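Asker: I'll drop the sequence and a predicted model, then ask my questions.
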Amino acid sequence: MFTKESKSGVSLDLLLILAVAGGAFAQEVTWSGEVATGALIQLGDSYDDPVIKADDDDDDRAIRARLNAEVDGGNWGLQLGIGADWKSPSFDQDAFDVVFAAATAAGSTDTLDEFMEKYGKEFTDIDDVSVGGNLSLYNAHGWGTIADMATVRAGLIDPGVWTVGGWVDENISSGLGIRVEIHPMEGLSLGAFIPTPYGGNVLEDSFKDGFGMGFSYAQEDLFEFSAGFGLYISDPVFGFVGDDITNLTQLADFDNWYTPGEEEMKVIVGFGFYGVENLSVYVGLAALDLLEADDPTIKIGLNADYVVTDQLGVALEAGFTLCDGIQEIEFTPSVTFLATEDISLGAGVTGVLKNDDSDDLGLSNFKADLWVQYDIGNSFIKAGYGFDVGTKDFADATDHYIRLLFGYAF
């Protein structure tokens, strides 16, 4: 999808940003942000020795920081968001074991340690191109309103507006491009997101969103509904592409490890109900990769929260995924108790039921967590303990972890 260009070759989304940027210097800038880090100690059957590393309890990041700036001129505005992350390296043990076995069958005489020394780096961070220090621009756009009925945004747009939240967590309305939002009546929003063409490996990895159309309708304190349709580029796949290893030099060829993303289509639907006092329920559905006729992915999620008393709350998050004949069910009930105005205690468990091509559903993972959190103004300190049984049918692989987190927001 491409945007129209002016006679000078400048895209319309850039012209819109420049048009509102001229008045930005006369407006007050609102700043916000957050930073989080922590320490994690891991020990148990999966570790020969205890492992200590920095971790912020968010996708293995050691440090996560966000800085946002916003200018609001009433009927126009500018937004900017910058993120900084450092993610701990990871190693794909399953892929390594498969390739080592295949290489041995192909005639390799290397021992496990020798094979690791030669090719181990190929399996470290192979699934995450942003490992290590990473400074990212995730929001940089301008917006303007038209007759109080429409909002046009242009640039790198975040967050999405026609989204399905909760466990499903999908959207079709953010990325690099132009988004038109129409508000014909209170609570109703509909429109489209049109991506801007871009080039270069860095942009291609970060801005892979495609065309999307969606709408949402909400009545305050009662319900919300959203739905959307999107075309996008699927995530690239990192892993060995060939069926067999016939030559060990294949392991050093990156092309054998990388499959680029493909054009895909998805449909998302979400519904939230808040009409019962102290109760909120949200259900989401996403059908992904619909152009792959033999292998679409279906996700169904449920999020429910209930405030029992002013001090006690319970929650349930659950999700179902079906992909390539493999079913997976995840459930996470939890309870939170407010001991004082600043101190809260919590406990939760997470279970994952999964099958393979021939087996019935079985418990493939089980985790339990206990934590205490102390809020100090805009910051918090959180300490927790948990254990993780990470193999199907409770085989002998139980791990324990102790976590200490720090966070600050403004």
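Answerer: Received, thanks.
Asker: in stretch 151-163, what's buried?
Answerer: By 16 or more other C-beta atoms under 10 Å, the buried positions in stretch 151-163 come out as 151-158, 160-163. Any C-beta I mention is one placed from the backbone N, CA and C, and that applies to glycine too.
Asker: so Val314 sits against Val335, correct?
Answerer: Yes: using C-beta atoms under 8 Å, Val314 is in contact with Val335, at 5.1 Å.
Asker: pipe the buried residues of stretch 151-163 into CSV and attach secondary structure, pLDDT and distance to Asp113 per row.
Answerer: Shown next, in CSV, are the buried residues of stretch 151-163 (DSSP: H, G, I helix; E, B strand; the rest coil; pLDDT from 0 to 100; distance: C-beta to C-beta, whole Å):
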residue, secondary structure, pLDDT, distance to Asp113
Thr151, strand, 96, 60
Val152, strand, 97, 60
Arg153, strand, 96, 54
Ala154, strand, 94, 55
Gly155, strand, 90, 51
Leu156, strand, 88, 46
Ile157, strand, 90, 49
Asp158, coil, 86, 45
Gly160, coil, 84, 47
Val161, coil, 88, 53
Trp162, coil, 88, 52
Thr163, strand, 89, 48
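Asker: wait, which of those is closest to Cys323?
Answerer: The shortest approach to Cys323 among those belongs to Thr163, at 21.3 Å (C-beta to C-beta).
Asker: which pLDDT does the model give Thr111?
Answerer: Here the pLDDT value assigned to Thr111 is 86.
Asker: give me the number of residues near it?
Answerer: Using other C-beta atoms under 10 Å, the number of residues around Thr111 comes to 11.
Asker: which of the buried residues of stretch 151-163 lies closest to Asp48?
Answerer: Asp158 (41.8 Å).
Asker: check contacts around the nearest residue to that closest one once chain neighbours are set aside.
Answerer: With C-beta to C-beta, 6 or more residues apart in numbering as the criterion, Asp158 has its nearest non-adjacent residue at 4.0 Å, and that residue is Asn139. Neighbouring residues of Asn139 by C-beta atoms under 8 Å, 6 or more residues apart in numbering: 68, 79-81, 156-159.
Asker: could I get the buried residues of stretch 151-163 as CSV with distance to Gly272?
Answerer: Converted to CSV, these look like this (distance: C-beta to C-beta, whole Å):
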residue, distance to Gly272
Thr151, 22
Val152, 27
Arg153, 24
Ala154, 29
Gly155, 29
Leu156, 28
Ile157, 23
Asp158, 21
Gly160, 16
Val161, 15
Trp162, 14
Thr163, 11
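Asker: what is the least confident helix or strand in the chain?
Answerer: Within the chain, confidence by mean pLDDT, DSSP states H and E is lowest for helix 201-206 among all helices and strands, at a mean of 40.
Asker: helix or strand next in line after that one, which one?
Answerer: Following helix 201-206 in sequence order, the next helix or strand is strand 212-219 (DSSP states H and E).
Asker: show residues contacting that following strand.
Answerer: With C-beta under 8 Å, 6+ apart as the criterion, strand 212-219 contacts 161-162, 172-173, 187-193, 224-232, 268.
Asker: next, the buried residues of the helix or strand that comes right after that strand.
Answerer: Using DSSP H and E, the next helix or strand after strand 212-219 towards the C-terminus is strand 223-233. Applying a neighbour-count criterion of 16+ other C-beta under 10 Å, one finds 224, 226-233 buried in strand 223-233.
Asker: who's the nearest residue to Gly160 once chain neighbours are set aside bridged to?
Answerer: Counting by C-beta to C-beta, 6+ apart, Gly160 lies nearest to Asn171, which is 3.2 Å off, once chain neighbours are set aside. Counting by DSSP bridges, Asn171 is bridged to Thr163.
Asker: count of residues packed around Asn171?
Answerer: With other C-beta under 10 Å as criterion, Asn171 counts 25.
Asker: let the chain start at 241 from now.
Answerer: Got it, the first residue is 241 from now on, which makes the last one we talked about Asn411.
Asker: how much space separates it from Glu503?
Answerer: 18 Å (C-beta to C-beta, to the nearest Å).
Asker: kindly report the same for Gly452.
Answerer: Gly452 sits 13 Å away from Glu503, taking C-beta to C-beta as the criterion.
Asker: touching both of the two, which residues are there?
Answerer: 471-472.
Asker: name the residue in these two with the higher neighbour count.
Answerer: Between Gly452 and Glu503, Gly452 has the larger neighbour count (other C-beta under 10 Å), namely 27 against 10.
Asker: assign a three-state SS to Asp337, would you?
Answerer: On the three-state scheme (DSSP: H, G, I helix; E, B strand; the rest coil), Asp337 is labelled helix.
Asker: can you give me the helices in the chain?
Answerer: 252-261, 333-345, 352-359, 441-446 (DSSP state H).
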